[in-house]
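Student: need a structure here:
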Amino acid sequence: MQREIIVGVDRSARSRAAADWAAREARLRGMALRVVHVVPPPSMDPVEQWPYRPEAVADHVVAELTERHRTLQAGAEIITGAPAPTLLAVGKDAEVLVLGRRGEGGGAGLAVGSTAAAVAAESAAPVVLVPCAEPCEPPPGRSTGVTVGVDVRDPSAAALDFAFEAAGLRGARVHAVHSWKLPDRAEASPLPPLEEDRASWEDDEVQLLSDALRPWRRKYPDVAVLEDVLLFTPSDALRHTSEGAELAVIGRQSAPGSTLRRLLEHLRCPVAVVPS
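Tutor: The predicted structure is shown next:
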């Protein structure tokens, strides 16, 4: 089976930005791009149909992309069905499945659309959600590389591998971020912890992060790594460290349910959600 990048599109600006990101990723990986537009079956309520009218959306997107990216191999596909289940089925064997963080059907105040959230939470393939409404790139010379959240007590091998591979393809560094909290006994105490105790606990976390990253440093010796241990919540740690990043990577096992939703809402760069 040919390895390919798949991007789901509608008529929204975020969808076009997601398609552009997917095209650049396909060229980086030397893969073909499949542009998929899901339209509802005729029996669906007209209110549900309107964002997905059966137009030649995918064909228009492919034409735009191949005009911009001359060497891109891309094809268009229209599929009838409900958006989230259809994209999950189509994307199960994709190298990467790419979506806008919100489609044209979402309300103006909605940070993450229902389709994007459902696909990110259930996809068998890595999902990249693109938040931008125009081509999503950091200013030249200001990229901080690829940021990856690491749970040092249960590190996601798939997320780390995805992050290191993505950084290697881009000639960028990996910024590995581990958030930690004080021991329960310290949080329960009315007194602040002694500085030497806090330093000792933090040293332990630093060592755990170093141990978790060692196999990937060996596997990707040419990828520079910045290790960061922060006394923040996971969402705050990634939000602070992903400013200017080309990509943030999250292992889905480390961010279940509401934690994943908060991360997706607050990160400003494209976010890859990688299943275990």
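
Student: so what are the domain limits for the protein?
Tutor: 4-130, 146-274 (automatic domain parsing).

Student: Of those, which is nearest residue 137?
Tutor: Nearest to residue 137 among the domains of the chain is domain 146-274; the distance by Cβ to Cβ comes to 7.4 Å. No exception for glycine: its C-beta is placed from N, CA and C like everyone else's.

Student: Report the rounded mean pLDDT for stretch 169-188.
Tutor: When pLDDT is averaged along stretch 169-188, the result is 91.

Student: Quote the end-to-end distance of that stretch.
Tutor: 45 Å (Cα to Cα, to the nearest Å).

Student: Now find how far off-centre that stretch is within its chain.
Tutor: A distance of 18 Å separates the centroid of the chain from that of stretch 169-188, by Cα atoms, centre = their mean, to the nearest Å.

Student: Now do stretch 150-159: everything it contacts.
Tutor: 126, 148-149, 160, 176-178, 205, 208-209, 211-213, 249-254, 272, 274-276 (Cβ atoms under 8 Å, 6 or more residues apart in numbering).

Student: mean confidence score for the longest helix seen in the chain?
Tutor: When the chain is parsed with DSSP state H, its longest helix is helix 195-219. Mean pLDDT, computed over helix 195-219, is 95.

Student: Buried subset of the contacts of stretch 150-159 as a ChimeraX selection?
Tutor: Under the burial definition 16 or more other Cβ atoms under 10 Å, those of the contacts of stretch 150-159 that qualify are selected in ChimeraX by:
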select :126,148,149,160,176,177,178,205,208,209,212,213,249,250,251,252,254,272,274,275
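
Student: so of the contacts of stretch 150-159, which ones are in helices?
Tutor: Those of the contacts of stretch 150-159 lying in helices (DSSP H): 160, 205, 208, 209, 211, 212, 213.

Student: Check which helices and strands the host helix or strand of residue 118 is in contact with.
Tutor: Element membership for residue 118 (DSSP states H and E) is helix 114-122. Helices and strands touching helix 114-122, by 3 or more Cβ pairs under 8 Å, 6 or more residues apart in numbering; DSSP states H and E, are helix 83-90, strand 96-100, strand 127-130, helix 257-266.

Student: What pairs with the third one, parallel or antiparallel?
Tutor: Spelled out, it's strand 127-130. strand 96-100 (parallel), strand 271-274 (antiparallel) (DSSP bridges).

Student: Restrict that strand to CA atoms and write it as CSV.
Tutor: Taking C-alpha atoms only, strand 127-130 is exported to CSV below (Å, rounded to 0.1, in the frame of the first residue of the first chain):
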residue,chain,number,x,y,z
VAL,A,127,-3.6,13.5,13.4
VAL,A,128,-2.3,17.0,12.8
LEU,A,129,-4.7,19.8,13.6
VAL,A,130,-3.8,23.2,12.0
